[in-house]
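S.K.: Would you be able to build a 3D model of this:
(chains A and B)
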Number of protein chains: 2
Amino acid sequence: MAEKNALLEAFRQTDYRIAGNGKRTIRVLKEAFRNIEDDTESDIYGKGKIIEEFQNKIATYLGKETAVFFPSGTMAQQIALRIWCDEKGSKKVAYHPLCHLEIHEQEGLKELHHIEAILLGDKERLIELEDIYELDETISCLLLELPQREIGGQLPPYETLEAISAYCRKQGIKLHLDGARLFEILPYYQKSAAEICQLFDSVYVSFYKGIDGIAGAILAGPKAFTEQSKVWKRRHGGDLISLYPYIVSSDYYFEQRIGKMGQYYEGAKALAQLFNQCHGVSTRPVEPVSNMFHVHFSLPKEKVEAVLIEVYQATNIGLTSYLVETDENHCYYEVSIGDLYSNFSREALVELFQLLDEKMKAQA
Amino acid sequence: MAEKNALLEAFRQTDYRIAGNGKRTIRVLKEAFRNIEDDTESDIYGKGKIIEEFQNKIATYLGKETAVFFPSGTMAQQIALRIWCDEKGSKKVAYHPLCHLEIHEQEGLKELHHIEAILLGDKERLIELEDIYELDETISCLLLELPQREIGGQLPPYETLEAISAYCRKQGIKLHLDGARLFEILPYYQKSAAEICQLFDSVYVSFYKGIDGIAGAILAGPKAFTEQSKVWKRRHGGDLISLYPYIVSSDYYFEQRIGKMGQYYEGAKALAQLFNQCHGVSTRPVEPVSNMFHVHFSLPKEKVEAVLIEVYQATNIGLTSYLVETDENHCYYEVSIGDLYSNFSREALVELFQLLDEKMKAQA
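M.R.: Numbering: from 1, shown residues only, chains lettered A, B, ... in the order given. Predicted coordinates:
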């Protein structure tokens, strides 16, 4: 047990971090509210200026008719799929085997909505156009996650998205975007959010991934769809009397960071290169297509932990607090680049990665 | 439409309010966070000091083994009933015809959990011991709401609660407390929260009724029950990465107001007396048993609106922003006493109610 937490402890001891935007502390809330007038009125059960203005703003940004603010993406996406299933009269959807709904939601989609999910393609790769051709007419909705987080944040070519969208429309299958990291992929595609979203019938975006607010999500789509989503939001227990702590912070950090997604993307590419130069280390994807990627180590987890702890202690820089073991000789962790990366000089990073390279060689 | 909002407009124009704790503005959040250290760490998906300490504190206060913080009571209570149904293997529960789950949640219990609810007793009165005797062995759980809000906030004698609890235990029916306003009834019963809660298998309390925080709820009960509730919280989309905006404010206003429930109760009784002295006005219950009651008017809604608007304009004091029409000659609204009531002198109130009495007589 002590060993298990040694990496976390060593990470906590470091004063500098390469990934992310800094610690998730109360400061995040206080900063967001600093310039909000004290007498600004709360939203009340989904109504009021503070929630409606933000919903309208993001609907416009996404190029969708309407948008609804939700406490979480888990709630928003189950509801999106439920509405499309009810509309078609078939409780079958399709998504990637490593979809958030499949692996992180305690089977909420099945337990609460009795929706069957067809796992499309292979868990080691993206969904491809050929996979879509397998979908039969009973499928109400296909969910695509861009980027596909659990395989390091990969993206299909834009032309594939267009082809998938066209095929689904022809077949009468609704297309839903899990856009938890939609903002983060715009620099790679060189498209606006609205251009990407017009390929989809409904869209979910998150405000605590690249935006790194406190929590909260938006579900966007046609008015009839979002109006139904409000009914389901009430049923799920998400129609809180006041959601403004999440709305105000989402809006604040959206404004702070939406213009920095290109910077984060460039940082991710540069950092991945440095990782790939180290012995026994590779990134997935090799060249990131957003601010995120996975770092894979070809050594047993305990050995990598020992390496990282030494690097942290020598440099006062923390890379990760955890490692996921894939087999007895491999492990990995996830990186998402944010504001902190730009605090590091090229020289400091080169030095850090020389040390990582040496220590990895020594353990091999 | 213009007429419809005239009462709301007149209410908004007033500088003084008799009920509640003041407006739901951003100030409520700012005040709660003023003395919280900036580097206090967020809870992360239900873990961390900030959430665990509050859960333990409220579990102790309620005399229950464990407690889980939820974004809403809607979510907490559906989940409580679902767990008790699954344990018994029967998807049938019982509650009052005006239970929150029956009238305010868009049928979430049925739509998400497929639980059938037996409506017990009559909507015009409390559930009585005789009603309970009708429950058969297929009922998994009985939900009691204390006080019964939709009939003005009424309470059974404590002995009835004890008898209901004993009967349910004997029959193998779980007893769940909708304690949205539990704190508010302690002065009437002259019992501790723990004394009341020991009659129940599970308990929900709210932090934005009498406590008047931003939002949030606690579900408390045995450890096996609350552990299952965390799985369902994830499924519902309520296991947010950060719930601290609601936790910190719940804790802050709990400390501010938990000791004032007796004062609110005394205020409610005094205010109800003043209403009952007015022509065509009566309160339900006649003598409140908590900080809340309903004010019923024996006049058409439009006439009462005209009376209230005149009273607001003459006194600069607002009583209510809305009226609910019960039939063409009757309407009512709900009062919950909070901090603001103590700002009024007896003289000011007597003057206000003399005016109300006169105006009601003039319209009769």
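S.K.: interface residues of the stretch 201-350 of chain A facing chain B?
M.R.: With the criterion set to C-beta under 8 Å from any C-beta of the partner chain, the stretch 201-350 of chain A comes near chain B through A:208, A:214-215, A:231-232, A:234-246, A:248. Heads up, the C-betas are built off the backbone N, CA and C, glycines and all.
S.K.: Can you give the domain ranges for chain A?
M.R.: Domain ranges of chain A: A:3-24+A:260-363, A:43-241, per automatic domain parsing.
S.K.: could you dump those domains to TSV with mean neighbour count?
M.R.: What follows is those, written out as TSV (neighbours: other C-beta atoms under 10 Å in any protein chain shown):
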stretch	mean neighbour count
domain A:3-24+A:260-363	18
domain A:43-241	21
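S.K.: okay if I get these as a markdown table plus mean pLDDT and distance to B:Arg17?
M.R.: Converted to a markdown table, the domains of chain A look like this (pLDDT from 0 to 100; distance: least, C-beta to C-beta, whole Å):
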| stretch | mean pLDDT | distance to B:Arg17 |
| --- | --- | --- |
| domain A:3-24+A:260-363 | 97 | 37 |
| domain A:43-241 | 98 | 16 |
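S.K.: Dump the ones you listed into CSV; add distance to B:Ile18 as well.
M.R.: What follows is those, written out as CSV (distance: least, C-beta to C-beta, whole Å):
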stretch, distance to B:Ile18
domain A:3-24+A:260-363, 41
domain A:43-241, 20
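S.K.: just to revisit the earlier point, from the residues of the stretch 201-350 of chain A next to chain B, which ones fall inside helices?
M.R.: For those, the ones inside helices are A:231-232, A:234-236, A:244-246, A:248, with DSSP state H as the criterion.
S.K.: What is the nearest of these to A:Ala94?
M.R.: Of all those, A:Ala94 sits closest to A:Trp232, with 20.6 Å by C-beta to C-beta.
S.K.: From A:Phe70, how far off is that closest one?
M.R.: 10 Å (C-beta to C-beta, to the nearest Å).
S.K.: overlap in contacts of these two?
M.R.: The contact sets of A:Trp232 and A:Phe70 overlap at A:Ile79 (C-beta atoms under 8 Å, 6 or more residues apart in numbering or on different chains).
S.K.: follow-up on the earlier one: among the domains of chain A, which is nearest B:Lys49?
M.R.: domain A:3-24+A:260-363 (13.0 Å).
S.K.: tell me the SS of the residue of the stretch 51-200 of chain A found nearest chain B?
M.R.: When you check the stretch 51-200 of chain A against chain B by C-beta to the nearest C-beta, the closest residue turns out to be A:Met75, at 2.6 Å. Taking DSSP: H, G, I helix; E, B strand; the rest coil as the rule, one finds A:Met75 in the helix state.
S.K.: Show me what from the stretch 51-200 of chain A comes close to chain B.
M.R.: A:70-76, A:78, A:105-108, A:111-113.
S.K.: So which residues of the stretch 201-350 of chain A form strands?
M.R.: In the stretch 201-350 of chain A, the segments counted as strands under DSSP state E, counting those that start in this stretch are A:202-206, A:217-221, A:281-284, A:292-297, A:317-318, A:324-327, A:330-336.
S.K.: would you turn these into CSV with distance to B:Asp178?
M.R.: Below are the strands of the stretch 201-350 of chain A laid out as CSV (distance: least, C-beta to C-beta, whole Å):
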stretch, distance to B:Asp178
strand A:202-206, 32
strand A:217-221, 28
strand A:281-284, 49
strand A:292-297, 43
strand A:317-318, 46
strand A:324-327, 42
strand A:330-336, 41
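S.K.: what sits against the closest residue to A:Lys359 other than its chain neighbours?
M.R.: Nearest residue to A:Lys359 in three dimensions, chain neighbours excluded: A:Val307, at 4.4 Å (C-beta to C-beta, 6 or more residues apart in numbering or on different chains). When contacts are counted by C-beta under 8 Å, 6+ apart, A:Val307 touches A:299, A:356, A:359-360, A:363.
S.K.: Same check on A:Gln228?
M.R.: Counted by C-beta under 8 Å, 6+ apart, A:Gln228 has contacts A:83, A:86.
S.K.: B:Ser290 versus that one, what's the distance?
M.R.: Separation of A:Gln228 from B:Ser290 (C-beta to C-beta) stands at 37 Å.
S.K.: Repeat that for A:Gly153.
M.R.: 53 Å.
S.K.: so is the closest residue to A:Glu162 other than its chain neighbours in a helix, a strand, or just coil?
M.R.: Excluding its sequence neighbours, the residue lying closest to A:Glu162 (C-beta to C-beta, 6+ apart) is A:Leu199, at 6.4 Å. Here A:Leu199 is recorded as coil under three-state DSSP.
S.K.: Confirm for me that A:Leu199 is in contact with A:Lys174.
M.R.: No: taking contacts as C-beta atoms under 8 Å, A:Leu199 lies outside contact range of A:Lys174: 11.9 Å.
S.K.: Who are the packing partners of the longest helix along chain A?
M.R.: The single longest helix within chain A, with elements called by DSSP H, is helix A:346-363. Applying 3 or more C-beta pairs under 8 Å, 6 or more residues apart in numbering or on different chains; DSSP states H and E, we find helix A:346-363 packed against helix A:261-276, strand A:281-284, helix A:301-315.
S.K.: Okay, angle between it and helix A:261-276 too, please.
M.R.: 30 degrees (axes from the mean of the first three to the mean of the last three C-alpha atoms, to 10 degrees).
S.K.: which other residues reach helix A:346-363?
M.R.: Contacts for helix A:346-363 (C-beta under 8 Å, 6+ apart): A:18, A:271, A:274-275, A:277-281, A:297, A:299, A:303-304, A:306-307, A:310-311, A:314-315, A:317.
S.K.: residues in contact with whichever residue of the stretch 251-364 of chain A sits closest to chain B?
M.R.: Scanning the stretch 251-364 of chain A for the residue nearest chain B gives A:Ser321, at 11.2 Å (criterion: C-beta to the nearest C-beta). Going by C-beta under 8 Å, 6+ apart, A:Ser321 touches A:7-8, A:11-12.
S.K.: Tabulate those (a markdown table), appending secondary structure and distance to B:Ile132.
M.R.: What follows is the contacts of A:Ser321, written out as a markdown table (DSSP: H, G, I helix; E, B strand; the rest coil; distance: C-beta to C-beta, whole Å):
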| residue | secondary structure | distance to B:Ile132 |
| --- | --- | --- |
| A:Leu7 | helix | 56 |
| A:Leu8 | helix | 52 |
| A:Phe11 | helix | 56 |
| A:Arg12 | helix | 54 |
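S.K.: May I have stretch A:354-364 as PDB, with CA atoms only?
M.R.: In PDB, the C-alpha atoms belonging to stretch A:354-364 read as follows (Å, rounded to 0.1, in the frame of the first residue of the first chain):
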ATOM      1  CA  GLN A 354      17.600  13.500 -20.900                       C
ATOM      2  CA  LEU A 355      17.300  12.500 -17.300                       C
ATOM      3  CA  LEU A 356      14.200  10.400 -18.000                       C
ATOM      4  CA  ASP A 357      16.000   8.700 -20.900                       C
ATOM      5  CA  GLU A 358      19.000   7.800 -18.800                       C
ATOM      6  CA  LYS A 359      16.900   6.400 -15.900                       C
ATOM      7  CA  MET A 360      14.800   4.400 -18.300                       C
ATOM      8  CA  LYS A 361      18.000   2.900 -19.900                       C
ATOM      9  CA  ALA A 362      19.300   2.100 -16.400                       C
ATOM     10  CA  GLN A 363      16.200   0.100 -15.500                       C
ATOM     11  CA  ALA A 364      16.000  -1.700 -18.800                       C
END
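S.K.: Run the chain-centre distance for that stretch.
M.R.: 31 Å (C-alpha atoms, centre = their mean, to the nearest Å).
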